[in-house]
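here's my sequence, what's the structure:
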Amino acid sequence: MQTDTAMQTLPRYSGIPTFMRVPFAQRLEDFDIALAGVPFDGGVTARPGARYGPREIRNMSSMTRAIHHVTGFNPFEACRVADVGDVPFTDVFHLERSHEDIRRFFEPLFAAGKTVLAAGGDHSITFPVFQAMKPRRPLGMVHIDAHTDTWDDFLGSKFSHGSPFRRAVEAGLLDPKRTIQIGIRGAQNSDQGWRYSLDSGMRVVFIEEFEAKGVEAIVQEARRIVGDGPTYLSLDVDGLDPVFAPGTGTPEIGGMTTRETLGLLRGLDGLDFVGGDVVEVSPPYDPSGSTALLGATLMYEILCLLARSVAARR
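Predicted structure coming up:
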C-alpha cells in the first residue's frame, strides 16, 4: 500500500496545506507513518517562536517532491504517509501539563504500531514523545544539535528544552551508551550538560571533531554506537550554522552546513529507526523562510529513513 499523492499533483500554492501535501488522516488504519505538528515552545530558555514552526514547515513542505535524487527511493510508494494534525493543548501555560497533552496525543499512535515524525516546537517535546512510545527497551538515538540538552534544571524547571535527554535516561527510555550527540558547540556558564552526557556514556561529537574527521567517519561512528537496535533520530536545526538556520531560538555559530547534514543523514540509511523529530524552527527569526524550508527538507530526508525502516520491518 502506498500514499495517496493526489494533492501533490496540484499547484503548490493551492489545496489545504499538510506536511508534504500528504492526506490528512484521523483513522489509525489509514497510514503507516504519521507526520505531526507540536506547536509548543513553553520550554525555551531564550528566544520563543518555535510554536509557529509546524505551520511554516507545512507551508514550505509544499516544495517537497517524491523521489530522492540520490537513492531513487520514494517514501510515499513504500508506505502510507499521512498528516495527523497538531497536538491540541489544553493548558498551554503550564509546561508539564502541556507535556502530558503531547504524551496523550502520541500514545494511541505508538500503541497501534505507527511510526511518527514530529515537527516542533522546542526540544522539550521529545521527552513526552519518548514517554508515549513506551519502548520495550531503552532506545538508541542519533541526536544532531549544538547543545547536549542534558542539563538538570533551569530556573526551577526540570523539563525545559535543555533537559529532555537527561529526563529520558532517568526514566529508562533512552540508552546513553547507544546515544551519539553530533555538532555540540558553544560556550556555557556550566559544564553540567557536557559532563552528564559524557559521564552517562553518551558519545559526544563536538563540532571540532566533526570537522577534523569528516562526515563519513562520523557516520560510521554513529552506526557503531547505535548498532542494530531501535533508534530515534532527533534533529535540532541549531545544529546547523545560523548562516543556514537563522530562524532558531538558540543559535550558535560554527555549525554544520546543509550539505554536511544531508550527507550525515543519508549515511544513516538502514538503521532501525522507530521515530524522529525536527525541532526549534522559529519563524519570527526567519524572515526569508529559509529555516522553515530547511526544516521541511530535513523532514523529507528523515521520512526516507523511517520509510525504509518500516518497509524492512514488514
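
how about Arg166, phi and psi?
Dihedral pair for Arg166: phi -70, psi -40, per degrees, to the nearest 10.

which residues touch the helix or strand of the chain with the lowest mean pLDDT?
Across the helices and strands of the chain, mean pLDDT, DSSP states H and E gives its lowest value to helix 192-200, namely a mean of 93. Outside of helix 192-200, the residues within contact range by Cβ atoms under 8 Å, 6 or more residues apart in numbering are 147-152, 162, 165-166, 169, 176, 181, 184, 188, 204. (C-beta placed from N, C-alpha, C; glycine too.)

go again with 6 Å.
If you take Cβ atoms under 6 Å, 6 or more residues apart in numbering as the criterion, helix 192-200 is touched by 148, 150-151, 166, 169, 176, 204.

quick one: contacts for the nearest residue to Gly289 once chain neighbours are set aside?
Once flanking residues are discounted, Gly289 sits nearest to Met60: 6.1 Å by Cβ to Cβ, 6 or more residues apart in numbering. By Cβ under 6 Å, 6+ apart, the contact set of Met60 is 292-293, 296.

apply 10 Å and report the result again.
17, 281, 283, 286, 289-297, 299 (Cβ atoms under 10 Å, 6 or more residues apart in numbering).

redo those residues as CSV? Include distance to Val44.
Shown next, in CSV, are these (distance: Cβ to Cβ, whole Å):
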residue, distance to Val44
Pro17, 25
Val281, 12
Pro283, 14
Asp286, 15
Gly289, 21
Ser290, 21
Thr291, 15
Ala292, 17
Leu293, 22
Leu294, 19
Gly295, 16
Ala296, 21
Thr297, 23
Met299, 21
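
my guess is Leu262 contacts Thr71. True?
No - using Cβ atoms under 10 Å, Leu262 is not in contact with Thr71, being 11.9 Å away.

these two - which one has more neighbours?
Leu262 (16 against 11; other Cβ atoms under 10 Å).

ranges for the helices of the stretch 101-250 of the chain?
Ranges of helices within the stretch 101-250 of the chain are 126-133, 164-170, 192-200, 207-213, 215-226, based on DSSP state H, counting those that start in this stretch.
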